[in-house]
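Visitor: Sequence and computational prediction follow.
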Amino acid sequence: MSVTALEKSPIEEAVRLAATLPGRALEVESGRTLPADLVDELRAAGLFSLMTPASLGGREADPLTIVRVVEELTRGDAATGWTVMIGQGAGYLAWLEPDVAREITEATPRPLITGSMAPLGTAVDAGEERIRLIGRWPYTSGCGLSDHLVAGYRPAAGPPRFALLPGAAVTVHDTWHVAGLRGTGSHDIEVTDLLLPSRLTFDPYGPAREDGPLYRLPYMSYLLVAMAGFPLGAARRIVDEYRQIVLGKRNTERTLLSETPIVQAEIARCEATVGAARAFVHEAVAQVWAQTQDGVASPQARALLTGAVQHAMRATLDVADSAMRACGASQLYDRAPLQRYFRDVQTAAQHIAFGLEAQRRVGSVLLGRDVPDFLI
């Protein structure tokens with residue numbers, strides 16, 4: 001990344017690019033992935049490099065900056081925000097041996113790396129410090145755009161590991177025919193009998209090779225820092241659309257919806273819901289980051305981070321439901337951003353990070369029970 005690019009604020013760059021996204025949202029959705037020129041702009045702005053180590057040419061941004069960038073892009077277009085969030089996979093280069101990571105970034109500066117963390121692959125030792133990998137991974141957002149992909153697998157012995165796969169070695173199966181986030185290209189990827197150097201595999205639950213505090217975040221906290229901005233940006237855009245619609249739409253009695261007490265009350269409630277969710281996320285992120293300066297954040301602080309991000313998603317679903325119920329059938333058409341965001345957040349909410357099992361672990365920690373470190 002050039003010095004000029006690094007000197008520009010990633011938040012300012014996100015705001016600048018986000019302003020162009022509403023006009024491209026239907027293009028993104030119909031194309032089922034981000035257009036090449038948009039990917040180039042995002043890459044040039046360093047927005048796929050927020051979590052990439054500075055030693056490798058990345059931004060190595062603080063967590064609140066990462067949250068803000070994803071939030072702004074998601075407010076412009078949910079599929080773009082999601083793809084940039086998933087596209088922070090180059091941050092995992094911090095877990096590779098430094099000389100291996102440098103080889104990758106020297107060959108491809110600012111690499112776009114996505115992937116699937118589910119350990120659905122299997123591997124055996126192939127000798128000569130290589131593994132033989134086979135597997136198929138669904139829901140791999142941005143896979144068609146990626147220079148490399150991260151894929152979880154189970155070795156013959158020991159805990160799951162991640163493998164860094166060259167994009168050219170992966171088969172993409174066109175499976176992403178879905179209700180929401182259609183523009184993320186979250187297809188299945190597959191490798192069969194792939195010989196891979198062992199140096200391109202790593203333990204994501206163990207210590208990183210980089211020293212920065214960003215890489216002291218345990219696995220789940222690291223993931224949730226990337227994800228936290230998505231529900232906040234989606235919720236903000238939904239309420240913005242809600243307000244604009246009711247200012248111009250009339251009910252069957254020809255009264256502007258904005259002049260009806262029930263809509264006025266709902267707008268007020270939704271604003272408070274979004275603001276409270278945002279404040280909780282920012283507070284939880286700041287607390288974890290402060291503790292990470294001197295070591296690893298406490299389980300309680302990390303549990304609150306997980307809980308805050310999950311709450312933000314529930315808040316987003318809440319305001320989306322309120323807006324769609326109030327704004328009527330005119331919002332069902334493809335051209336209406338509100339229905340698209342409604343579909344997008346329903347789809348995003350199915351991610352395992354927002355699921356009931358993660359919520360249960362939060363409660364367990366807050367009640368003083370032990371939960372494995374890598375799960376919280």
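Guide: Sure thing, it's come through.
Visitor: quick one: Ala151 is in a helix?
Guide: No - counting by DSSP: H, G, I helix; E, B strand; the rest coil, one finds Ala151 to be strand, located in no helix.
Visitor: Check what pLDDT it gets.
Guide: At Ala151 the predicted local distance difference test score is 98.
Visitor: Now for it, how many residues are close by?
Guide: Other residues near Ala151 come to 29 when the count uses other C-beta atoms under 10 Å. For every residue, glycine as well, the C-beta is placed using N, CA and C.
Visitor: ditto for Ala19
Guide: For Ala19, which is what you asked about, the neighbour count (other C-beta under 10 Å) is 12.
Visitor: Also Ala44?
Guide: For Ala44, using other C-beta under 10 Å, the count is 14.
Visitor: That one and Pro22, how far apart?
Guide: From Ala44 over to Pro22 the distance is 21 Å, taken as C-beta to C-beta, to the nearest Å.
Visitor: And for Ser298?
Guide: Going from Ser298 to Pro22 by C-beta to C-beta gives 40 Å.
Visitor: what's the answer for Tyr341, then?
Guide: Tyr341 sits at a distance of 11 Å from Pro22 (criterion: C-beta to C-beta).
Visitor: Between these two, tell me which one has more neighbours.
Guide: In terms of neighbours (other C-beta under 10 Å), Tyr341 is the more surrounded of Tyr341 and Pro22; the figures are 29 against 14.
Visitor: and the gap between the more buried one and Ala163?
Guide: Tyr341 is 35 Å from Ala163, by C-beta to C-beta.
Visitor: longest strand in the protein, by residue count?
Guide: In the chain, assigned by DSSP state E, the strand with the most residues is strand 113-127.
Visitor: In that one, which residues are buried?
Guide: Within strand 113-127, the residues that count as buried by 16 or more other C-beta atoms under 10 Å are Ile113, Thr114, Gly115, Ser116, Met117, Ala118, Pro119, Gly121, Ala123, Ala126.
Visitor: Check stretch 165-180 too.
Guide: Within stretch 165-180, the residues that count as buried by 16+ other C-beta under 10 Å are Leu165, Pro166, Gly167, Val170, Val172, Trp176, Gly180.
Visitor: Next, give me the two most distant ones among the residues you listed.
Guide: Between all members of those, the longest pairwise span (C-beta to C-beta) is found for Pro166 and Gly180 and amounts to 30.1 Å.
Visitor: What segments of this protein are strands?
Guide: For the chain, the strands identified by DSSP E occupy 113-127, 130-140, 148-154, 161-166, 171-173, 187-197, 201-202, in order along the chain.
Visitor: JSON lines for those strands, including distance to Met220?
Guide: Listed next are the strands of the chain as JSON lines, based on distance: least, C-beta to C-beta, whole Å:
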{"stretch": "strand 113-127", "distance to Met220": "10"}
{"stretch": "strand 130-140", "distance to Met220": "18"}
{"stretch": "strand 148-154", "distance to Met220": "14"}
{"stretch": "strand 161-166", "distance to Met220": "14"}
{"stretch": "strand 171-173", "distance to Met220": "27"}
{"stretch": "strand 187-197", "distance to Met220": "23"}
{"stretch": "strand 201-202", "distance to Met220": "17"}
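Visitor: how about Val225, what does it touch?
Guide: By C-beta atoms under 8 Å, 6 or more residues apart in numbering, the residues touching Val225 are Pro63, Ile66, Val67, Leu217, Val285, Val288, Leu305.
Visitor: out of those, who's nearest Ala151?
Guide: Leu217 (21.1 Å).
Visitor: what's the closest one in contact with, if anything?
Guide: Pro63, Val225, Val288, Thr292, Ala297.
Visitor: at 10 Å what do you get?
Guide: When the contact criterion is C-beta atoms under 10 Å, 6 or more residues apart in numbering, the partners of Leu217 are 51, 63, 91, 208, 223-225, 288-289, 292, 296-297, 302, 305.
Visitor: Please apply the same query to Gly91.
Guide: 49-53, 56, 58, 60-61, 66, 113, 150, 208, 210, 214-215, 217, 222, 225-226.
Visitor: Give me the pLDDT value at it.
Guide: Among the per-residue scores, Gly91 shows a pLDDT of 98.
Visitor: quick one: common contacting residues for Tyr341 and Pro22?
Guide: Arg75, Asp77, Arg237, Glu241.
Visitor: how much space between the third one and Val365?
Guide: The gap separating Arg237 from Val365 is 32 Å, by C-beta to C-beta.
Visitor: Repeat that for Ala265.
Guide: Taken as C-beta to C-beta, the spacing of Ala265 relative to Val365 amounts to 36 Å.
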